[in-house]
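K.L.:
Next comes the sequence, and after it the predicted model I'd like to discuss.
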Amino acid sequence: MPGYHVNKMDTALALIAVLMLLGRVNAQSLEFKGQLSGWGTGIRLQDKWEKDLGLRYIPQLSYSYNLNEDHLLNAEVLLNSYFATDINSSTYNAKLYRAILRYTGPQSEIQAGLQKINFGPAQLLRALMWFDSVDPRDPLKLTEGVYGLRYKYSFMDNSVLWLWALYGNKSPKGFEAFQSRRDVPEFGGRVQLPVPLGEVAATIHSREAEEGTYSYRENRYALDGRWDVGVGLWFESVLQNSRAALPGFRWLKLLTLGGDYTFPLGNGIYFLFEHMYSASSDKITSLSSEGHVSALMATYPIGTLDNLALQEYYSYSDKKLYQYYQFQRTYDNFIINLALFHYPESSGSLFMSRSMPAAGYGLQLMVVFNH
């Protein structure tokens, strides 16, 4: 259904950022760049072909101002505009994608506005996908941002402290089932510590969730780590507690185990494997609604321009296999991406992204131009 949507908060943030940029135009650095992408998709679903064509443009205006030798102030505004059609109908939209005001000091960084916040070592099955929905199959790695304030401090021993406060986000984020109350701020933090051959981190987050007319407090606790011992090894674990009205979901447990290695064959074959376990229950000590998903990714560079990649996902509870194959050629400003995929027709819940095919089989050609 056609639509054009820019809400009041988006407009206000965009105007503030643009006025700030224009007001300082005679200062240090003003830069305009953008990304234009076009795609064509053919999907065989329920014994018929569905076709989709589209164009997307993401302009970015950024400004940097050196307060002094060690302190930098910069701002970024990005819009996400697109047009898509299946011949019979079309959709188009333009909305604020990022609006960030950032201060950077020698060891600290503060950024406010509509931004992306993500962390954790997992790449395909991310237990720590709390505030974004990046799809590993998406060549553009698009994701909605969150409104908030984020502080980051890097200590001299390579430890890192993160603190954040989110406010005014109207849609569920990451793997959230229900949105947060818009008028109640969310808080969280993360500590990353170096350890022999790797790094470990602890993360917490608290919010007031809204399920229809019922709201409840939700707290998340996470541990993750990564080590390089010849092969890369990592884990992400999450324990989530809430007073959700839905029975059996007061405690949610997620665990991702992963590893990667590049075999010295030809130009180097990179393999990555991850497995995610999930369970929910009304008691912390019990396990029910258990699920297992495994994922494999392999990439192989052909020369300096071309790259082959595959991603395979298997859901043990559904006994379903998801297959994604990709060829990509990269020039200085152009990227050509051809993807073949084969997914179960009856399930699309494995992937969070709504911009990528999730069911059926077919192909997608995407051309990306960066200026």
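P.N.:
Structure's in. What do you need? Residues are numbered from 1 along each chain as shown.
K.L.:
host element of H205?
P.N.:
Applying DSSP states H and E as the criterion places H205 in strand 198-211.
K.L.:
Test my guess that G38 contacts D52.
P.N.:
No: checked against C-beta atoms under 8 Å, the pair G38 and D52 is beyond contact range at 11.5 Å. From N, CA and C alone the C-beta is placed, and that goes for glycine too.
K.L.:
re the thing from before, neighbouring contacts of the strand holding H205?
P.N.:
Contact partners of strand 198-211, identified using C-beta atoms under 8 Å, 6 or more residues apart in numbering, comprise 119-120, 128, 130, 162, 166, 176, 178-181, 184, 186-193, 215-228, 242, 244-246.
K.L.:
show me where the stretch 201-350 of the chain has helices.
P.N.:
For the stretch 201-350 of the chain, applying DSSP state H, counting those that start in this stretch gives no helices.
K.L.:
got any ranges where it has weak pLDDT?
P.N.:
Of all residues in the stretch 201-350 of the chain, those with pLDDT under 70 make up the ranges 245-247, 347-349.
K.L.:
ok so, going back, residues of the strand holding H205 that come out buried?
P.N.:
Neighbour-count burial for strand 198-211, with 16 or more other C-beta atoms under 10 Å as criterion, is recorded at G198, E199, A201, T203, H205, R207, A209, E210.
K.L.:
okay, it in PDB with CA atoms only?
P.N.:
Taking C-alpha atoms only, strand 198-211 is exported to PDB below (Å, rounded to 0.1, in the frame of the first residue of the first chain):
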ATOM      1  CA  GLY A 198      40.500 -13.100  24.200                       C
ATOM      2  CA  GLU A 199      37.800 -11.000  25.800                       C
ATOM      3  CA  VAL A 200      34.800 -11.500  28.100                       C
ATOM      4  CA  ALA A 201      31.900  -9.200  28.700                       C
ATOM      5  CA  ALA A 202      28.800  -8.800  31.000                       C
ATOM      6  CA  THR A 203      25.800  -6.900  29.800                       C
ATOM      7  CA  ILE A 204      22.500  -5.900  31.500                       C
ATOM      8  CA  HIS A 205      19.400  -4.100  30.300                       C
ATOM      9  CA  SER A 206      16.000  -3.200  31.900                       C
ATOM     10  CA  ARG A 207      12.900  -1.900  30.300                       C
ATOM     11  CA  GLU A 208       9.100  -1.600  30.800                       C
ATOM     12  CA  ALA A 209       7.400  -3.700  28.100                       C
ATOM     13  CA  GLU A 210       3.900  -3.200  26.900                       C
ATOM     14  CA  GLU A 211       1.600  -6.100  25.900                       C
END
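K.L.:
and A177, how many neighbours?
P.N.:
By the criterion of other C-beta atoms under 10 Å, A177 has 13 neighbours.
K.L.:
Of the contacts of strand 198-211, which count as buried by neighbour count?
P.N.:
119-120, 128, 130, 162, 166, 176, 178, 180-181, 186, 188, 190, 192-193, 215-216, 218, 220, 222, 224-227, 242, 244.
K.L.:
These in strands, which ones?
P.N.:
Using DSSP state E, 162, 166, 186, 188, 190, 192-193, 215-216, 218, 220, 222, 224-227, 242 are the members of these that sit in strands.
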